[in-house]
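1. okay, sequence plus prediction incoming.
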Amino acid sequence: MYTISLGDDGAELGPLEPWQAAEFLDHIDRGREFIGQFVELPDLVTDMESSRAYLRKYADRTAADAGRLYGIRTDGKLVGAVLFRRFDTVQGVAEAGCWLEPSAAGRGLVTRAARVIIDWAVEERGIHRVEWWAASENAASIAVARRLGMTRDGVLRENFLYRGKRHDLEIWSVLAPEWRAAKGA
């Protein structure tokens with residue numbers, strides 16, 4: 001399996017595949033409450049079968065060129081992920097996202113990993129617009145969007161019902177020319 005270094009601290013980015021379902025489930029279990037604050041993933045991945053099904057869904061999306069999932073590891077241990085929830089090469093639009101377990105928070109891992117996948121999407125795949133959707137209360141995710149040079153396009157008010165509460169969703173984006181200009185600066 002290939003990995004991409006995310007810096008000098010032992011962090012790496014690599015694919016997550018169905019054969020890694022046990023490792024993935026262990027990771028979700030370690031961060032279940034933290035991850036589940038704004039992301040429904042811990043409600044979806046609860047046992048080996050659902051873990052394998054989630055990873056299979058992204059393997060199928062990868063095969064169809066419609067999404068991708070990458071694990072973030074520190075010293076070989078899975079601690080988070082970045083993904084393209086949507087990946088539309090015809091329209092040139094992708095939606096990136098992320099999560100981390102608590103032990104990995106605050107180290108810039110998501111920002112570094114997201115830069116790698118966004119750069120690949122823009123430069124290799126010709127994606128024109130990369131979106132980042134986050135609950136308005138999710139300050140950490142919104143901070144990542146800002147660090148990535150994204151612009152807040154708007155707020156979908158009370159758009160997402162999660163655990164009995166309606167959440168506003170903010171949509172942030174970066175366009176390919178903006179991405180390239182920021183890289184060159």
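-> Nice, I can see it.
2. CA atoms for contacts and neighbours, from now on please.
-> Will do.
3. quick check: phi and psi at Asn138.
-> The phi/psi pair for Asn138 (degrees, to the nearest 10) reads phi -90, psi 80.
4. and it, how many neighbours?
-> 14 (other Cα atoms under 10 Å).
5. tell me if I'm right that it and Phe38 touch.
-> Yes - at 6.9 Å, Asn138 and Phe38 qualify as touching, with contact defined as Cα atoms under 8 Å.
6. could you pull out the strands in this structure for me?
-> 4-5, 11-15, 68-74, 77-88, 93-100, 129-135, 151-162, 165-175 (DSSP state E).
7. contacts for the first one next, please.
-> The list of residues contacting strand 4-5 from outside it, by Cα atoms under 8 Å, 6 or more residues apart in numbering, reads Ala11, Glu12, Leu13, Gly14.
8. in TSV, list those residues along with neighbour count, pLDDT and distance to Tyr162.
-> Listed next are the contacts of strand 4-5 as TSV, based on neighbours: other Cα atoms under 10 Å; pLDDT from 0 to 100; distance: Cα to Cα, whole Å:
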residue	neighbour count	pLDDT	distance to Tyr162
Ala11	21	94	31
Glu12	24	95	31
Leu13	25	96	29
Gly14	19	96	29
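9. I'd like those written out as CSV, with distance to Gly67 added.
-> What follows is the contacts of strand 4-5, written out as CSV (distance: Cα to Cα, whole Å):
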residue, distance to Gly67
Ala11, 23
Glu12, 20
Leu13, 16
Gly14, 15
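10. any idea of the mean pLDDT for stretch 107-122?
-> In this model, stretch 107-122 has a mean pLDDT of 96.
11. equivalent analysis for stretch 39-51, please.
-> For stretch 39-51, the mean pLDDT works out to 95.
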